[in-house]
Each structure stands twice: as C-alpha cells, then as structure tokens.
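Colleague: Just a sequence and a predicted model for now, questions to come.
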Amino acid sequence: MEIVTLANFFQILLIIITVALVASKNNTVIAILFSVSSLFIAILFFLNKAPDVALAEIAVGSAIMPLILIMTISKQREYVVITHVKDDFFDSLTGEGRKVLENFADHYNLKLQIYDRDIDNIKGIFREKNVDLIIDRSDDKKTFYLRGKKSSLLINKLENMAKNVDNIEIIKEEEVETND
C-alpha cells in the first residue's frame with residue numbers, strides 16, 4: 001500500500017511539473033523542469049519494478065538531454081541581421097535604426113551581428129537559414145522593412161520595440177522549405 005501511495009504522489013508531482021514546463025517561458029527553467037520530470041519518471045519506473053529502465057531514464061532524461069538543451073540555449077545568443085541598405089539610418093553608430101536594433105539586442109542579452117549584403121559580396125549567403133532579420137528599403141526610400149521569421153518570438157518583441165519609429169515596418173514571413 002505504501003508503494004502505491006508513493007507512486008500516486010510522484011504522478012501528481014509529475015503532472016504539476018509538466019504543467020509548469022508547458023507554461024514556462026524561460027529556456028533554462030524548461031531544461032531544469034525537464035530534468036526533474038525525467039527524474040520523477042525514473043522513480044516511477046523503479047517503483048514499478050523496472051530498475052533497468054529507470055537507470056536508462058536517469059542517464060538520458062536527467063543527464064544527457066538537459067546538457068544538450070543547455071548547450072543549445074547558450075548558442076542562441078547571436079542575432080544575425082543582413083542589410084541590403086546603405087544608409088546612415090542603420091549603418092552609422094548613431095543611426096536611429098541601429099539604436100533600435102542595439103537596444104533590442106541589449107535587452108535580450110544578444111550579440112548583434114550586422115552584415116552588408118551586396119550583389120558582389122557573398123558573405124552570409126550560406127547561412128540564409130540562420131539569419132534572424134533582413135533589412136530592405138521601400139522603392140520611395142522612406143520606409144525600412146525589417147523582415148523576420150513569423151515563427152520567431154523575437155520578431156514580435158522587436159515589433160513592440162520599434163512601433164514608435166515611424167519609418168520602420170516589421171514584416172513577418174513564413175519559412176520556406178528548401179531541398180538542401
């Protein structure tokens with residue numbers, strides 16, 4: 001009877017942690033909650049007389065996967081921008097558009113990487129999928145278009161930060177599937 005009560009307790013804790021995992025917005029907290037939920041799953045396997053499966057769950061779910069998640073999170077600290085615009089608005093250190101991007105990057109602890117993209121310059125062309133933002137200008141040269149992936153949470157945050165700048169328009173685009 002004790003084992004059943006203990007198993008029920010861990011199942012309830014697992015449900016609570018799973019709800020917290022889904023509701024969490026912080027990637028580090030998600031990695032920690034994932035590890036804790038995996039530990040509780042391993043305990044449940046052990047209580048159900050499957051110690052080999054419990055050991056495998058601890059090894060993979062509580063040790064290896066959180067390590068991979070944290071390594072992946074730590075590599076997402078760059079914000080790559082390609083600009084097709086030759087203008088002081090984004091190019092100079094005092095340009096209003098550059099200040100918006102720098103404030104955005106500073107706010108989210110990102111390293112801002114801005115690359116020029118000329119027809120004669122192929123720098124960054126091979127990282128097209130890793131580009132977070134592309135800067136273009138309208139035909140009348142009055143509006144700057146900042147194009148980003150619709151699936152990116154950061155593009156929504158940038159849109160909020162740039163809404164008070166008159167000549168910036170954020171365009172959210174669907175990702176196109178390629179046959180690489």
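Modeller: Everything's here; your move. Numbering: from 1, shown residues only.
Colleague: Pull out the buried positions in stretch 15-24.
Modeller: For stretch 15-24, the neighbour count (16 or more other Cβ atoms under 10 Å) marks 17, 21 as buried. C-beta coordinates here come from the backbone N, C-alpha and C atoms, glycine included.
Colleague: Which secondary structure element of the protein has the lowest mean pLDDT?
Modeller: Counting by mean pLDDT, DSSP states H and E, the weakest-scoring helix or strand in the chain turns out to be helix 65-75, with a mean of 77.
Colleague: Quick one: list the elements packing against it.
Modeller: Judged by 3 or more Cβ pairs under 8 Å, 6 or more residues apart in numbering; DSSP states H and E, the packing partners of helix 65-75 are helix 27-47.
Colleague: got the contact list for the helix or strand just after the helix it packs on?
Modeller: The C-terminal neighbour of helix 27-47 among helices and strands, as given by DSSP states H and E, is helix 51-57. By Cβ atoms under 8 Å, 6 or more residues apart in numbering, the residues outside helix 51-57 that reach it are 38, 41, 42, 43, 45, 46.
Colleague: quick revisit: using CSV, write out the CA atom coordinates for the least confident helix or strand of the chain.
Modeller: Presented in CSV, the C-alpha positions along helix 65-75 are these (Å, rounded to 0.1, in the frame of the first residue of the first chain):
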residue,chain,number,x,y,z
MET,A,65,19.1,15.7,-22.6
PRO,A,66,19.3,18.7,-20.2
LEU,A,67,23.0,19.1,-21.1
ILE,A,68,22.1,19.2,-24.8
LEU,A,69,19.3,21.6,-24.2
ILE,A,70,21.5,24.0,-22.2
MET,A,71,24.3,23.8,-24.8
THR,A,72,21.7,24.7,-27.5
ILE,A,73,20.3,27.6,-25.4
SER,A,74,23.7,29.0,-24.8
LYS,A,75,24.5,29.1,-28.5
